[in-house]
Every structure is written in C-alpha cells, then in structure tokens.
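Undergrad: dropping the sequence and predicted coords here.
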Amino acid sequence: MTTARERLGLLIGALIAILAFVTVATITPRLADQPSELARAGLAPRDADTQPGLDANEEQEEQAESVRERTEAWEAARRAGTAGQTKPKSYLTGAAAPAATGWLGEIPIDTMVDDWEPAIAADPNSSYVYLLTTRYGTAKPCPGNCPSPWIALTISADNGATWGAVRPLCACKGGGQFDPIIEVVPDTGEVYSLFMIGFNVWFVKSADHGATWSAPVKTWGNVSWNDKPVIAVSDDGREVYAAFNGPTGGDPWIARSGDAGATWSQVKVIDSRRYVYAFDADVASDGTVYIAESSLEYLNAGNKGPLGPGVEEHLFISRDHGATWIDKIVARGEPGLACVAAGCHPDFYTGHAVVSADDAGALVFLYDAATTFGDKQSIYATRSTDQGRTWSTPIVVSTAGETATTPMVESGAAGDVRIAWAETSGGGNVDAWNTWYRRSANGGSTWSTPVRISDATSGAVYKTAAGYAEVYGDYGEIAITSTGKSIATWGEGITYTGPGGSWVNRER
C-alpha cells in the first residue's frame with residue numbers, strides 16, 4: 001500500500017513527465033518527412049534508450065589527461081632544446097627551402113609555442129584573413145581562473161602575406177579551451193566563431209575585423225555536454241548553425257540561431273548506435289544547409305576501445321532553414337590504419353568528411369576511408385548538382401599506396417573547388433606526412449596535378465625533407481582570399497602529444 005506522500009510523489013512525477021513530453025513535442029524540430037529518401041538509406045530512427053552510454057566524467061578525465069600529456073611533452077622538448085620553430089612569420093623574407101610551384105612557401109604561426117588544430121577563414125570582399133589555433137605551452141592569457149590551453153587568434157590584413165600579433169580569442173574565465181572554428185559572413189564581413197570551454201560549445205562574433213569580440217553565448221541549451229563543433233553561416237549572417245556530438249554515444253545535435261547568434265535552439269537529428277562526428281558544414285546561397293559527419297561503431301560503449309567495421313559518411317540536409325533535417329548517407333567505407341603514435345587513439349586518422357557548395361549551389365563532398373578494414377585509407381571525392389539528392393561515383397584524389405586523412409575543401413565561383421589533405425610519404429610511412437593540394441575548374445569532375453604545400457623542410461625538429469613526423473590536430477582548413485588565392489592551414493608535430501605547431505601556406 002502507498003502512503004499519501006508516495007501517492008503525491010507519483011502524481012507530481014506523472015505531471016512532470018506529461019509536461020516534458022508536451023514541451024518536447026511542441027518546441028523540438030522534427031526529422032524531415034522524407035520516407036522515400038530515408039528508407040533508401042535505411043535510416044529509420046532507433047530508440048534512444050538502446051544507445052550505448054557515454055560517461056561524461058570519463059570524457060573529462062580523458063581531456064584532462066590529454067592536456068597534461070601535451071604540457072609535459074612541451075616542457076620536455078623545451079628542456080631538451082628541441083621546442084620551437086625557426087622559420088619566419090612572413091613570406092616576405094623568403095623561404096628556407098624552395099616553395100611549391102605557385103605558392104609563397106610554408107610558415108609557422110608562431111616560433112616558440114605548442115599550437116594544435118588550426119582553423120582559417122577569409123573575407124571574400126576584403127583583405128582580412130583570420131586564423132585560430134589551440135595554444136599550449138605558454139602562460140595563461142589572463143590572471144586567476146583563466147583558460148589553459150586557450151584559443152589563439154592571429155589576423156592578416158593583407159590576404160595572408162603577413163600576420164599580426166597573436167592574442168586570445170576570449171580571455172574568459174573557466175577551464176581549458178578547445179576545438180576552434182571560424183567563418184566570415186559573406187555579405188557583411190562580420191566574423192563568427194565557435195569554440196569549447198571544457199565540454200560546452202560557445203559562440204562569439206566580431207563586427208570590427210576581429211579587434212573586439214562579443215561576450216560568449218551558449219549554444220547547447222539543455223544538452224548535458226557537447227564536443228567537436230562545426231559552424232555554417234547564411235550569406236547575410238542571420239542564420240547560424242552549430243553541429244556537435246551529444247552525450248549519448250556521440251549522438252549528432254544541431255543548434256540553430258535565427259538572430260545572428262543571439263539565441264539558439266537544439267535538435268538531435270537521429271538516434272543511432274553509432275558514434276557520429278561533425279566535421280564540416282556549409283550554407284548554400286539558396287539557404288540550403290549541409291552538415292558533413294562521419295559515423296563509426298566502437299566495440300565498447302561510447303568512443304572507447306577498438307573500432308568495429310564500417311564507416312558511414314553522412315550529410316545532414318535542411319531545405320527549410322533548419323526546421324527539418326534529412327540524413328543522407330553519401331558513401332560507406334572501412335576504418336583505415338590505426339594511429340600508433342605516442343598518446344594517439346586508434347581512430348585518429350579515421351572518420352573525416354567535408355562539404356562545400358559553390359556559388360551555383362553545386363556540392364563537393366570529400367571523406368577518408370579504406371576499402372579493407374585496417375588498411376591504408378584514401379581521400380575520396382564525390383559531387384552533386386541536385387542539392388545532395390544524388391551523387392557521382394566517388395573518385396580517389398589522394399596518392400595510391402599512401403595513407404591519407406583530414407580532407408579540407410572550399411568552393412568559390414561555379415565549378416571552382418579547392419581541396420587539401422594530409423598524406424604519408426614513401427609507401428605509407430606514418431612517420432613522414434605531407435599536406436597536398438588540388439583544384440578543380442569543373443565542380444570536381446577532374447582535378448589538377450597534386451602539389452605538396454608543406455614545402456618547408458626544416459625549422460622544427462619534426463620537419464625533414466621527407467615531411468613532418470605526425471598530423472597535429474583533428475582537422476586543418478582551406479579558404480579562398482578576396483583575390484582568389486587559396487590559403488591553407490594545418491598542424492604538424494613530433495607525435496600526437498607533441499609538441500607541434502600550426503603552419504600556413506598561400507598561393508602567389
């Protein structure tokens with residue numbers, strides 16, 4: 001028999017459950033009613049209760065351990081005299097090695113720091129270029145409870161020929177900062193950025209070419225933790241989209257703002273047993289939103305332990321300004337070689353997908369995958385001219401016989417596409433990597449001859465004539481300046497734990 005207090009508690013619990021159900025049904029955007037397209041991809045949503053769990057405390061401990069390992073690696077390198085780079089911060093003083101044909105020559109962002117995972121954006125209508133990176137190995141940028149690591153910002157006012165002093169994007173209080181991403185609003189020149197403080201994604205923006213920035217705005221609503229954000233912005237800057245992993249087995253969430261980042265709503269776009277990683281996004285000139293993500297299946301819960309077979313390359317598409325979403329499987333492949341560098345997780349090279357729309361709305365989608373589980377993986381490119389409904393047969397754009405990872409893509413005028421990626425040298429030697437570049441003038445039907453744009457052969461202990469020792473960061477990025485030149489940035493390091501640096505190269 002229940003007591004009066006127990007009956008009252010049950011009644012209150014029931015009312016709360018009903019209210020929560022009604023609220024969610026009222027305010028949560030629904031998955032698009034596209035049964036034929038979804039059914040063809042085999043994407044009937046699964047019950048969220050059957051998903052593998054993910055312990056947020058374990059994620060936080062893992063993040064803290066990674067910070068500790070990188071800090072210790074930097075201090076050890078500094079004591080040994082192997083930290084830092086010596087190449088100049090300007091192309092104007094000349095390169096230490098012959099630059100790649102048509103390029104100015106590779107340079108580091110800073111000479112005596114440990115920079116990880118850079119992002120870049122160029123203003124299409126002015127000479128400003130913006131670069132962010134996660135900075136280890138230096139003093140905190142503000143006193144007291146100030147971040148370490150922190151997001152470092154450097155700005156070029158001459159389309160990437162020279163770079164200004166590095167300063168914090170946000171010297172805000174709190175834990176370490178991670179995963180920076182940055183975009184320029186095409187119509188206004190405003191600069192939008194996402195970054196993480198601990199396991200939360202924040203939004204900031206600047207209306208004065210990065211001189212000052214808004215106070216950080218929360219994007220995640222009631223999502224308990226979030227990770228690995230990407231950003232997409234409409235041409236006028238009113239609509240902003242942030243995609244990130246969520247708390248239940250890496251579930252994919254998309255946050256949307258319709259007021260230039262002032263307020264945000266959130267939706268989980270699918271329920272899945274797979275861990276889904278956001279990697280790139282774009283908003284076409286017609287307002288269609290595209291978010292490229294890769295999903296992996298781990299043999300243990302969350303993203304712990306070895307990978308199972310199969311990589312799925314997703315494109316989440318909204319044709320109604322984020323009200324509904326379609327999950328389109330663009331391609332499938334297999335996980336490639338496991339990373340065995342010091343401190344590295346086995347899945348580090350696997351699971352990256354990028355997308356870009358040109359001025360005519362045509363799409364190019366790149367991803368890394370192997371044909372055989374655990375084998376060398378390649379960069380594949382496929383294209384669509386019907387808003388992502390159908391796709392061409394994927395073609396390999398990286399070098400046969402090498403392992404390739406972290407694709408980058410940016411499009412300009414109709415048919416104009418620029419791509420870059422990291423690739424091993426010498427038959428898959430994972431101790432020697434280089435960054436390569438290609439361009440298409442016909443929307444990805446054919447591509448130019450690959451050019452090695454990691455052309456510096458010295459300047460850091462991890463640099464040799466063969467390449468750099470390890471990919472340093474989950475991503476790099478490529479942009480197009482207002483003069484039509486490609487500019488790319490990526491990370492290079494001694495090992496996964498570093499130290500390393502963020503490097504940049506630009507077309508002449």
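TA: Now that the structure is in, tell me what you want to look at. Numbering: from 1, shown residues only.
Undergrad: just give me how far stretch 142-151 sits from the chain centre.
TA: 23 Å (Cα atoms, centre = their mean, to the nearest Å).
Undergrad: what distance separates the start and the end of that stretch?
TA: 12 Å (Cα to Cα, to the nearest Å).
Undergrad: mind listing what's buried in it?
TA: Cys146, Pro147, Ser148, Pro149, Trp150, Ile151 (16 or more other Cβ atoms under 10 Å). Using the backbone N, CA and C atoms, a C-beta is placed for each residue, glycine as well.
Undergrad: state the pair within these that is farthest apart.
TA: Pairwise distances across those peak at 12.2 Å for Cys146 and Ile151 (criterion: Cβ to Cβ).
Undergrad: redo the buried residues of stretch 142-151 as CSV? Include pLDDT.
TA: Output for the buried residues of stretch 142-151, formatted as CSV (pLDDT from 0 to 100):
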residue, pLDDT
Cys146, 90
Pro147, 92
Ser148, 92
Pro149, 95
Trp150, 96
Ile151, 98
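Undergrad: among these, name the ones in strands.
TA: By the criterion of DSSP state E, membership of these in strands covers Trp150, Ile151.
Undergrad: can you list the buried residues of stretch 142-151 in JSON lines and add distance to Thr406?
TA: As requested, the buried residues of stretch 142-151 are exported to JSON lines (distance: Cβ to Cβ, whole Å):
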{"residue": "Cys146", "distance to Thr406": "30"}
{"residue": "Pro147", "distance to Thr406": "25"}
{"residue": "Ser148", "distance to Thr406": "25"}
{"residue": "Pro149", "distance to Thr406": "20"}
{"residue": "Trp150", "distance to Thr406": "23"}
{"residue": "Ile151", "distance to Thr406": "19"}
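Undergrad: which stretches of the chain have low pLDDT?
TA: For the chain, the stretches flagged by pLDDT under 70 are 1-59, 85-96, 301-305.
Undergrad: same thing but at 80, please
TA: 1-63, 84-97, 111, 300-305, 427-430 (pLDDT under 80).
Undergrad: which residues sit in contact with Ile487?
TA: 120, 122, 129, 159-160, 478-481, 504-507 (Cβ atoms under 8 Å, 6 or more residues apart in numbering).
Undergrad: can you tell me which of those lies closest to Ala64?
TA: Closest approach between the contacts of Ile487 and Ala64, by Cβ to Cβ: Ile120, at 28.0 Å.
Undergrad: what about that closest one, how many neighbours?
TA: Residue neighbour count, defined by other Cβ atoms under 10 Å, stands at 26 for Ile120.
Undergrad: what about the contacts of Ile487, which are in strands?
TA: Ile120, Ala122, Val129, Ile478, Ala479, Ile480, Val504, Asn505, Arg506.
Undergrad: how about Thr483: what's its closest non-neighbour residue?
TA: Residue nearest to Thr483 in three dimensions, not counting chain neighbours: Asn159, with 5.7 Å by Cβ to Cβ, 6 or more residues apart in numbering.
Undergrad: same deal with Glu75?
TA: Gly137 (7.8 Å).
Undergrad: the one you found and Glu470, how far apart?
TA: 16 Å (Cβ to Cβ, to the nearest Å).
Undergrad: next one: Thr405
TA: Distance, Thr405 to Glu470, using Cβ to Cβ: 11 Å.
Undergrad: His314 now?
TA: 28 Å.
Undergrad: so who does the nearest residue to Leu337 once chain neighbours are set aside touch?
TA: Leaving aside its sequence neighbours, Leu337 sits nearest to Thr403 (Cβ to Cβ, 6+ apart; 5.4 Å). By Cβ under 8 Å, 6+ apart, the contact set of Thr403 is Gly336, Leu337, Tyr349, Lys376, Gln377, Glu423, Thr424, Gly428, Val430.
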